[in-house]
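**Student:** Structure here, sequence nowhere to be found:
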């Protein structure tokens, strides 16, 4: 094991109980032969973290939360090759083992699919879920060779802090929409994930990119990031607007970026026969597929869902797209906080006040 | 236009009104430059025809119903090349134009997708739906070059009569399940279409093929056609049986072959994270996706629906599979009737009596 | 048949004999039931036309040459729906029938693949090859429903004149490269087709886009159109430059845009194990695959070739990408000529003088 | 680490020098935290081993050769979960790390593709190439979680001994041929790998399966395993025979299973426009692509190569296909030898005498 001089203790934000999170002191993690320890420089807060804080998504008391971090290599084990101490790195929110059946299928986010881990969905999500997460001074990345990606000197933390989750998820939304050159794509809800899906739709060659939200600020940002048309659902009927924009052809694909029955149904209804609905929202209730939108099962429709893709190679590619200036997500980082004020950052993020999209939380 | 001596009139089975179908006399169709006229030798009855008879699926009074026919070339127009009068041929139940946007996408069953036809789903289905169909002495195939396939001398009518609909649909069910070598596939409901899906699962390289039905006869037939395991839902809990057979891994793919909310949900519940549900049933109500089966939208699931694929090339391939003895569906033809007794054949088919699966209706 | 008042005769550029092309008078084509007649407003010259002029690619004497045209609807037959006389339209260089087996496979450029047309490659290419082409006052589009696309009022002829061939071919080059988000793609030769391949690589989400040519002007244009790096093969070793740019990783995909053994081999050599070579060049000699570049057959490489994709839907999508400002190819049109001076335009294009890329030839 | 009582030394077959292999004594390997040690019960000899013996493929002196083994778990490290000592297992010939970029792309046979391993092709092949192999009493599997698969009690060693290489490679040949239902597929050369490709073509839904070889015995075996037609190249012209069998349509796909320029060219020439050539042969010279077979680069052809796929999940699926009786390769095991006679087994295999296909070499 190699390491930079490590302290014994570190600060970490933990889930205490429903509605209560707090910064506590914890031992710095022990580094095993396949592990790499990141000294965090920037972390951020995700919608999922808010669900965890509220107790809507259960995690163990005293678990360090958060699943997005940028930092430097503080230590690594004997089997970890190709890294140097002090080098800038990040890991995805989802940290696949690399060796499960799911990884070997190409569905590494569902990592829990082998005789060892059992067959629960979302098994690739470990940080801040079943293992200590990223809102801390140090975070331990297991199976480091499969998960840690380097950050070029030319990029700042804020330019890459969305790679681990929001950017990877949003772009996957558009990848799953199976966009073909010249497609018309609908993106419903333009929060941070939806905006990243809009970036993805542009990046994948859609011609007509229609973004839907109720917030003019977010629609303006959608236009900047690639939307060719926007619909404010508070001001006009979404289906009428889609028909007008597409001359009645409807959409080749739609991306659900929120997680409500209503938005899911809009996404389905907006599709031409043969179209694809890609869902990246997280739902909290059963979904209803209206018979007609589904053409009674005869419309050659496809519905795809996904969890955020992780893994070092995914991260490397997202970083490369940023480095080559194909993508710029730094404008989604609207606020900065120091780690000691992270609970206030949670409050702001949860309230959606002050035009907040994403908050960079700095360790020093 | 070339033709064998044609009569003026022909017998055709038409929809009269709800619950009433009848053989009537009609003029033999006029053959245009892109058309081919088939003198029908064998036709058959589909579950959809029963819905039409009951008035559950509306068609115009006096429309000739039926969408499956085998016969010989009686006439063809000036633009139709490569056929000879008297030659044995068939056309798919779905008769795509060949020129719509949907055809150019590779989704020709949704043929109605261009500025001309509008954007209604299932636009490729014309026979016995929006044009005169196949339960008649003659049937006119428009866009004949895109739709008519030849039958080799070595094959009987009964060997190929399922190609136009049941076989094409059932196999598409398994194609849409995206089966990879060694997959575990569940097929729910083993009527004629479900049995053809089972044939498809075998043909596409599934390892473990689990067929579900409540009828032991059908399960026995499923075993003969390729199922490696069967589950009688009347005798055991389907999910328990799946867990037992798969050692708790669940299924890589499932095919819904009936069209009920309950069977759809079983198909979803049976999937491992990352699995695919292929639906070929025709539904008559809204569908509900239970939150848990869908992993709240995070399970990397895929749901695909489809209408029967048609077109000459699809038909040629199905016929070839039969000719090379890769498939044998003749045992699904359990009964034969003369055309003059076709209404009685409907009665039998509708009642599901006498172990009936498919009925060959002979014109002479 | 509907038509605007048509003259009896028209001017057309024909192949006379090796090295000789000439404008002659010909009858305006007769319009059949499936046909649409375009009154040409703009046409252009392709590298293939130069081969034809030189007699290197044989066509019948007196055949009208050219396969790219923009114009208005002058007449159409009884089966042609959805168009109005005078409306602005174009057709692809490749005009698939819509009904062959190849069309039904999704490989419509190889349209000659059925019992009727035989099985010759490139059967979808008819204009200026086996049927009268586009360098004329009028051009007849057979199977019009499968081939004619509308042009919105907002776009000029010069904005869309590359759609029929160069743009469709170049982009197909990048589509066949199977680009995944974040890929490194090499594009060898930056003539008009190569530049369109560069546009395609950007449109499909490549991160690192490396364009190779020996002409600084073309490399500058490549940068404008999406290349992130350029290599001038006259000034530096291409493989060394690739290794430098990619840190030794080599390329995920490469696109051969010229048609020489040497460029083909560079494309192969530049690939990482598992990479894809997409070839759109037209070769005039056998190709050699060096053992080492091919890893003795064990490197999981893919090589794909293609002819330009045609069909109305392909054209509609390319036009839509231009309309939505996702693509701008008008700067590739460097010169304009009147039709009466088309032979001089050929001379310029053939000489590659005056920085010529593409020439818009105007009918009036 | 857990282990069954292990000896200090073991017998292993090593490469000594060109033309010389010998059984020697070696220490039993040390088991690290990610490793699993297999006590070999059955191993076999591959064509590649013959190249190694002849010195045509260089390996280090004293390296244990062989890359196929079946055995029982003798020991495993602390990070290895889900196995029990004494349990029957096997590993693929190719043992991907699970964590390289190549693994994360789904091309794990090219495992050497990341900053750590460098970018050499075939990096996934370690056994008997760059690490001690399988023709020994014990073999150490690194990254065991990604590579070791269990064998059900119902299957004998001889039923599964082809899974690690021959079966996985042969079937990949047909997978890469992109077979669609009803395709016509040509398989050139019917040695053990070619026969497994024939099994794959059947398993994937080809209709017409044409096997080519010069040995009637092998052609007879091809028919038993799924070929619908055979061609003995010693007795008839292969292209003439293909045209006769396919009515001039040629083949949708072809699989090269030998590694010669001549067979590669036959595979290319046999394709219809738009067809796919899948190559699994290992070549020893540059390849030539004749201009005409390639339609000058305009025929929409695809050429794909591959190395044998490995990994635990691949192995699990092949074993499952055997367990469910979808595949039976035990008849390819024509001979059995004891390990002490393995050099004689090499002699027989190399001579191709006595109708030998594959030899099971037994450790006790």
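**Tutor:** Cool, got the structure. Computed from a predicted structure; not experimentally measured.
**Student:** Could you chop chain A up by domain?
**Tutor:** Domain assignment for chain A by the TED database gives A:2-92+A:127-164+A:309-362, A:167-305.
**Student:** In a markdown table, list those along with mean neighbour count, distance to residue B:179 and mean pLDDT.
**Tutor:** C-beta: built from backbone N, CA, C; applies to glycine. Rendered in a markdown table, the data for the domains of chain A read as follows (neighbours: other C-beta atoms under 10 Å in any protein chain shown; distance: least, C-beta to C-beta, whole Å; pLDDT from 0 to 100):
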| stretch | mean neighbour count | distance to residue B:179 | mean pLDDT |
| --- | --- | --- | --- |
| domain A:2-92+A:127-164+A:309-362 | 20 | 23 | 97 |
| domain A:167-305 | 23 | 16 | 97 |
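**Student:** Format those as JSON lines; extra columns: distance to chain B.
**Tutor:** Shown next, in JSON lines, are the domains of chain A (distance: least, C-beta to the nearest C-beta, whole Å):
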{"stretch": "domain A:2-92+A:127-164+A:309-362", "distance to chain B": "9"}
{"stretch": "domain A:167-305", "distance to chain B": "4"}
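**Student:** The ones you listed: which one's closest to residue C:227?
**Tutor:** domain A:2-92+A:127-164+A:309-362 (10.5 Å; C-beta to C-beta).
**Student:** quick check, residue A:171 in a strand?
**Tutor:** No - under the criterion used here (DSSP: H, G, I helix; E, B strand; the rest coil), residue A:171 is helix, not part of a strand.
**Student:** The closest residue to residue A:296 other than its chain neighbours is in what secondary structure piece?
**Tutor:** Spatially, and ignoring its direct neighbours in sequence, residue A:296 is nearest to residue B:283 (5.1 Å; C-beta to C-beta, 6 or more residues apart in numbering or on different chains). Assigned by DSSP states H and E, residue B:283 belongs to no helix or strand.
**Student:** which residues does residue B:283 contact?
**Tutor:** A:291, A:294, A:296, A:297, B:259, B:260, B:261, B:264 (C-beta atoms under 8 Å, 6 or more residues apart in numbering or on different chains).
**Student:** how close does it sit to residue B:212?
**Tutor:** 18 Å (C-beta to C-beta, to the nearest Å).
**Student:** same check, this time on residue A:63
**Tutor:** Applying C-beta to C-beta, the value for residue A:63 to residue B:212 is 41 Å.
**Student:** For the stretch 1-150 of chain A, just list every one of the strands.
**Tutor:** For the stretch 1-150 of chain A, the strands defined by DSSP state E, counting those that start in this stretch cover A:2-3, A:9-17, A:20-27, A:36-44, A:69-76, A:88-91, A:138-141, A:148-150.
**Student:** what about stretch A:41-54, start to end distance?
**Tutor:** The first and final residues of stretch A:41-54 sit 26 Å from each other (C-alpha to C-alpha, to the nearest Å).
**Student:** How about whichever residue of the stretch 101-250 of chain A sits closest to chain C: what's its closest non-neighbour residue?
**Tutor:** Distances between the stretch 101-250 of chain A and chain C by C-beta to the nearest C-beta are smallest at residue A:182, namely 2.7 Å. Counting by C-beta to C-beta, 6+ apart, residue A:182 lies nearest to residue C:317, which is 2.7 Å off, once chain neighbours are set aside.
**Student:** Against which helices or strands is the one helix or strand that neighbour maps to packed?
**Tutor:** Using DSSP H and E, residue C:317 maps to helix C:312-323. On a contact count with 3 or more C-beta pairs under 8 Å, 6 or more residues apart in numbering or on different chains; DSSP states H and E, helix C:312-323 meets helix B:101-105, strand C:88-91, helix C:144-147, strand C:148-150, helix C:157-160, helix C:168-176.
**Student:** sorry, back to before: pick out the most distant pair among the contacts of residue B:283.
**Tutor:** Maximum pairwise distance in these, criterion C-beta to C-beta, is 13.9 Å, between A:294 and B:260.
**Student:** Stretch A:143-156 close to chain D?
**Tutor:** Yes - applying C-beta under 8 Å from any C-beta of the partner chain, one finds stretch A:143-156 touching chain D at A:143, A:145, A:146.
**Student:** returning to that earlier point: now do the residue of the stretch 101-250 of chain A closest to chain C against residue C:316, distance only.
**Tutor:** For residue A:182, the distance to residue C:316 equals 7 Å [C-beta to C-beta].
**Student:** Next: residue A:142.
**Tutor:** 50 Å.
**Student:** circling back to that earlier point, now do the phi/psi pair for the residue nearest to residue A:296.
**Tutor:** For residue B:283, the backbone dihedrals are phi -90, psi 160 (criterion: degrees, to the nearest 10).
**Student:** again with the one 10 residues further on
**Tutor:** Dihedral angles of residue B:293 (phi, psi; degrees, to the nearest 10) stand at phi -60, psi -20.
**Student:** same deal with the one 3 residues further on?
**Tutor:** Taking degrees, to the nearest 10, you get phi 60, psi 20 for the backbone angles of residue B:296.
**Student:** OK, contacts around it?
**Tutor:** When contacts are counted by C-beta under 8 Å, 6+ apart, residue B:296 is found next to A:282, A:283, A:284.
**Student:** Pull up the gap between it and residue A:318, please.
**Tutor:** Distance, residue B:296 to residue A:318, using C-beta to C-beta: 24 Å.
**Student:** got it, and residue A:39?
**Tutor:** Taking C-beta to C-beta as the measure, residue A:39 falls 22 Å from residue A:318.
**Student:** ok, back up a step: out of the contacts of residue B:283, which comes closest to residue C:334?
**Tutor:** Closest approach between those and residue C:334, by C-beta to C-beta: residue A:294, at 50.8 Å.
**Student:** Is it correct that the closest one is in contact with residue B:303?
**Tutor:** No - Residue A:294 lies out of contact with residue B:303 (C-beta atoms under 8 Å); the separation is 9.7 Å.
**Student:** From the residues of stretch A:143-156 next to chain D, pick the one nearest residue B:353.
**Tutor:** Nearest member of the residues of stretch A:143-156 next to chain D to residue B:353, counting by C-beta to C-beta, is residue A:146, at 59.6 Å.
**Student:** my guess is the closest one meets residue D:99, correct?
**Tutor:** Yes - between residue A:146 and residue D:99 there is a contact under C-beta under 8 Å: 3.7 Å.
**Student:** who touches both of these two?
**Tutor:** Listed as contacting both residue A:146 and residue D:99 by C-beta under 8 Å, 6+ apart are A:98, A:312.
**Student:** Excluding residues flanking it in the chain, which one is nearest residue A:343?
**Tutor:** What sits nearest to residue A:343 in space, not counting adjacent residues and going by C-beta to C-beta, 6+ apart, is residue A:21, at 6.3 Å.
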